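J.: predicted model and sequence below, questions to follow.
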Amino acid sequence: MKKQIFSKIKFTILSHKIWSTLIILAILGVSYYTYGFISTKKIVPQYVLSRASLGSITEVVTGTGQVSASNQLDIQSQVSGMINTIDVSVGDHVDQGKLLVTIDSKQAYNSLQNARIALSKLTAPPKSTDLSSAENTLSKSYTDAFNSISGFFLDTPAIMAGLKDIFYSQGGFLQDPNASLPASIRKEYRDSALTSFDSASIQYTAILQKYKSLNRFSATSDIEELIDQTYLLAKNISGTLQKTQSAVNYISTTQPSYNASLAPTTATNINSWSSTVNSQISSLSSSQNSIDSAKNALLNLKEGTDPLDIQSQELSLSQQQQTYENYFIRAPFSGTVGRIPVNIYEQAGNGTTIATLIGDEKISVIPLNEVDAAKVHTGNRVDLTFDAIEGLNATGTVSAVDLVGTVSQGIVSYNVKITLNTSDPRILPGMSVNASIITKEINNVLVVPSGAVKSQGNRSYVQILDVASTTKRLTQTISSEAVPRIQFVTLGASDDSNTEIISGLTGGEWVVTRTITVSGTSQTSTAPSLLNSLGGTRTGGTGANANFRTVTR
């Protein structure tokens, strides 16, 4: 049958060659036109855009665990003293902060009040009477200093004259050493003392002249300079007397025949003069210190207390406040009083168990790896969900993080204790809980979806499509023949959804988060990339009989 059909077609074609040729050419022309139309049809890609806008970055650490029964705690005293009151009974339900026991706090209260008074004194502005008193004290210190100088110059002339007689007067103990003293003794003892005296005598004459030119009403700067110079002079005279005494003692011991009649009187005079000069040194030093102290006191009143002194006193006050509060033992959390092992008027010590409290809040312990555990801190907020309770979203707070990890099969984990902030009766001990611990939250920063951020080497960029749009929505999908432009950016923090843009973008710009390209039989229009945005091209196609497909990126 098939052979007969093909034979008839063949016969017809051969019998009508011209018409058959025309028909075949017509069919080929239509096919070629159709193929060309399909092949050259322009395909416009679609872009899913997101607007750069102010948002939040929330860093989250996740983990799973189980709900545990409420905790039990032996509450211990941190201070010592007699128990004054017991304010609860066994079986009572107490709220967090409820007063349980008080310990005698009189001494702690007095210390706290003293710390408050000390801080008030430091921070209070100076009183006019205080300023006047400080100025009077400073003025008196200068008067006292001049009196000390006067006292020195009343006593010193006799001392200097006596020393001069010892060295230079006829019959002075050390006036004629060449007669009988060995050269070594003269050089080491007598000549050394004489040189010291000559130096002190020159200094004495100069300062005495300056003293005579001043009085107690002279400029304070002159009085300060004079007392400093007088103090140094007194020290030098004291040194001269020590050397002279050493010379007299040594000569009297080793050369007993040398001026034996003068030795006792000379030694006695030197001892007396030394006592007088040392007394003057003490008086002059005291006057110097009084001036410095009075000047500092007046300066502190005028300029106020040193901020560091205030901070130190504030710290002391805070410590005294904490110590005082330790005498009032309160419930650290809500719960039921299980036992009270102490009695009123008993003596409690540091570490004495005052009461046992059984908490009524629920907790969960979540094991985390060392990387995640390092990000978690006490007080972090936690979002909680439960496998057994669909639709329940609870919150919690991180109340403790283990400081020592647990090693299992070479992996270190740290337990994080989470206190649940809900009393929903459906939450039962033993239930599985999923925890999302919010470790960091940054608000009001410029963000884009993380999918919009790409990288080239060590640089990050986004693709921007300039869109004239009035929509207030943060996302939209459009078709565009324009190729997105590349914008390099500086990144900040990121979370599972968004990435912070520190620089390179401004709010309101549209970034490409996804490109949808329709590819056909002969040519596929691909999504804009960094390559073709910088001048490269990417083309592709399939055979004429290929099926249409949608490529999403």
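T.: Structure's in. What do you need?

J.: which ones are touching residue 283?
T.: Residues near residue 283 by Cβ atoms under 8 Å, 6 or more residues apart in numbering: 148, 151-152. Just so you know, the C-beta spots here come from the backbone N, C-alpha and C atoms, and that holds for glycine as well.

J.: so residue 145 makes contact with residue 223?
T.: Yes. Using Cβ atoms under 8 Å, residue 145 makes contact with residue 223 at a distance of 5.8 Å.

J.: just to revisit the earlier point, reformat the contacts of residue 283 as a markdown table; add pLDDT and distance to residue 120.
T.: Converted to a markdown table, the contacts of residue 283 look like this (pLDDT from 0 to 100; distance: Cβ to Cβ, whole Å):
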| residue | pLDDT | distance to residue 120 |
| --- | --- | --- |
| 148 | 94 | 37 |
| 151 | 94 | 42 |
| 152 | 94 | 43 |
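
J.: out of those residues, grab the one that's most surrounded.
T.: residue 152 (24 neighbours; other Cβ atoms under 10 Å).

J.: the strand or helix carrying that residue packs against which elements?
T.: Using DSSP states H and E, residue 152 maps to helix 128-168. When contacts are defined as 3 or more Cβ pairs under 8 Å, 6 or more residues apart in numbering; DSSP states H and E, helix 128-168 packs onto helix 191-212, helix 220-254, helix 263-303.

J.: any weak-confidence spans in this structure?
T.: Counting by pLDDT under 70, the chain shows low-confidence ranges at 1-17, 19-20, 29-42, 69-71, 176-185, 187, 470, 518-553.

J.: outline the domain layout of it.
T.: Listed domain ranges for the chain are 2-40, 46-55+444-552, 70-104+327-357, 128-303 (source: automatic domain parsing).

J.: would JSON lines of those domains with distance to residue 437 be doable?
T.: Shown next, in JSON lines, are the domains of the chain (distance: least, Cβ to Cβ, whole Å):
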{"stretch": "domain 2-40", "distance to residue 437": "56"}
{"stretch": "domain 46-55+444-552", "distance to residue 437": "13"}
{"stretch": "domain 70-104+327-357", "distance to residue 437": "19"}
{"stretch": "domain 128-303", "distance to residue 437": "50"}
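
J.: and these: which comes nearest residue 383?
T.: domain 46-55+444-552 (13.1 Å; Cβ to Cβ).

J.: quick one, phi psi at the residue lying closest to residue 362 once chain neighbours are set aside?
T.: Counting by Cβ to Cβ, 6 or more residues apart in numbering, residue 362 lies nearest to residue 420, which is 4.5 Å off, once chain neighbours are set aside. With angles defined as degrees, to the nearest 10, residue 420 sits at phi -80, psi 140.

J.: correct me, but residue 420 touches residue 361?
T.: Yes. Contact status for residue 420 versus residue 361: in contact at 6.2 Å, counting by Cβ under 8 Å.

J.: which one of the two has more residues nearby?
T.: Neighbour count, other Cβ under 10 Å: between residue 420 and residue 361, residue 420 has more, with 21 against 17.

J.: measure the more buried one to residue 202 for me?
T.: Counting by Cβ to Cβ, to the nearest Å, the gap between residue 420 and residue 202 amounts to 90 Å.
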